[in-house]
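>>> I would like the atomic coordinates for the input below:
(one chain, ligands or ions: 2)
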Amino acid sequence: MMADCPKQYLQIAGQSILQHSVNAFLQHDQIHHVFVVVSRDDAYVAQELQADPRLNVLFCGGATRSESVTNGLLAMKNTSHAQDWVLVHDAARPGLNSALISRLIDTVGQDEVGGLLALPVVDTVKFQAPNLENKSEKNIVSTIPRAGLWLAQTPQMFRHAQLLAALNSCKEVTDEASAIEACGLMPKLVEGHWCNTKITRPDDLALVETCLINKHQFKIK
Ligand SMILES: Nc1ccn([C@@H]2O[C@H](COP(=O)(O)OP(=O)(O)OP(=O)(O)O)[C@@H](O)[C@H]2O)c(=O)n1
Ligand SMILES: C[C@](O)(CO)[C@H](O)COP(=O)(O)O
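Ligands and ions are numbered 1, 2, ... in the order given. Purely as a prediction, here's the structure:
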């Protein structure tokens, strides 16, 4: 992000990215409690996240996402039951809203396994040839049929005990669904929205800020 603070504390539409991400859950009446996992030496959260009776900050973040999620689930153990649903969300997706959370809960709430928001791929997908001599040169080796391909978003919704066990047995994953899949289970895909994109590059800030400012014009049901 080329930022001078962790990206979740950059300001968009008047609040920190983290605050926007947390608000989506606090504004939803089916969310019982929100836990925010930050690194042990986080010096920003006290200033950049408003206190709320339904919110706890856990200073147990890890070196990787899966480590942070595992530590968070362990820290929640005293207040959670094995069968409780947990919705894991990226701090870096501030464009989430109540309607998308409802869509996920309504579709996955009766499922045995769980599921996640995701976007069906709409562009033609190219596979880049490895170019060992000149890394700046990029050529296509093949075109991958896009039918059935989805881009994973968050929240990703699974039962507390099952997610913890899955992450313990499969640590090298970039999302929670991958750990559940590695156990031989099939999470549900629920269509998300592009406004819930992950802030990764500097230009994403303006894009998501535009989404937040114009959110009432999006028809997300
Ligand atoms: N050690 C980590 C790294 C990431 N995350 C979570 O995973 C989300 C997605 O990670 P990503 O955006 O990839 O974060 P970074 O890898 O830190 O950033 P970048 O992609 O910009 O390199 C973050 O918002 C955060 O919620 C986490 O909890 N613990
Ligand atoms: C979980 C995730 O948002 C799904 O797209 C994504 O994988 C997280 O980002 P990372 O860069 O892989 O940590």
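
>>> Tell me the residues of this protein that contact ligand 1?
Listed as neighbours of ligand 1 in the chain under the rule CB under 6 Å from any ligand atom: 1, 7, 37, 61-65, 68, 90-92, 198, 200. All C-beta atoms are positioned from the backbone trio N, CA, C, and that covers glycine.

>>> and residue 22, that one's in a helix?
Yes. Assigned with DSSP: H, G, I helix; E, B strand; the rest coil, residue 22 falls within a helix.

>>> can you list the weak-confidence ranges in this protein?
Applying pLDDT under 70 to the chain picks out residues 132, 221.

>>> which outside residues touch the longest strand along it?
Scanning the chain for the strand with the most residues, using DSSP state E, yields strand 150-159. Residues outside strand 150-159 that contact it (CB atoms under 8 Å, 6 or more residues apart in numbering): 82-90, 93, 96, 101, 104-105, 108, 113-121, 166, 175-177, 180, 187, 189, 192, 196-198.

>>> of those residues, buried ones?
Buried subset of the contacts of strand 150-159 (neighbour count, 16 or more other CB atoms under 10 Å): 85-90, 93, 96, 101, 104-105, 108, 113-119, 166, 175-177, 180, 187, 189, 192, 196-198.

>>> taking those residues one by one, which sit in helices?
101, 104, 105, 108, 166, 176, 177, 180 (DSSP state H).

>>> what residues are up against the nearest residue to the first one once chain neighbours are set aside?
What sits nearest to residue 101 in space, not counting adjacent residues and going by CB to CB, 6 or more residues apart in numbering, is residue 28, at 4.9 Å. Under the criterion of CB under 8 Å, 6+ apart, the neighbours of residue 28 are 98, 101, 102.

>>> Ramachandran angles for residue 28?
phi -100, psi 130 (degrees, to the nearest 10).

>>> do the same with residue 57
Dihedral angles (degrees, to the nearest 10) for residue 57: phi -100, psi 130.

>>> Over to the one 10 residues further on?
Summarising the backbone geometry of residue 67 under the convention degrees, to the nearest 10, its torsions are phi -70, psi -40.

>>> which residues touch it?
61, 171.

>>> ok, so what distance separates the residue of the chain lying at maximal distance from its centre from residue 37?
In the chain, the residue that sits farthest from the middle, by CA atoms, centre = their mean, is residue 133; the gap is 35.9 Å. From residue 133 across to residue 37, the span is 42 Å (CB to CB, to the nearest Å).

>>> likewise residue 26?
From residue 26 to residue 37 the distance is 16 Å (CB to CB).

>>> Quick check: the residue farthest from the centre of the chain vs ligand 1, distance?
27 Å (CB to the nearest ligand atom, to the nearest Å).

>>> I'd like the numbering to begin with 398 instead of 1 from here.
With the count now opening at 398, the last piece we talked about shows up as residue 530.
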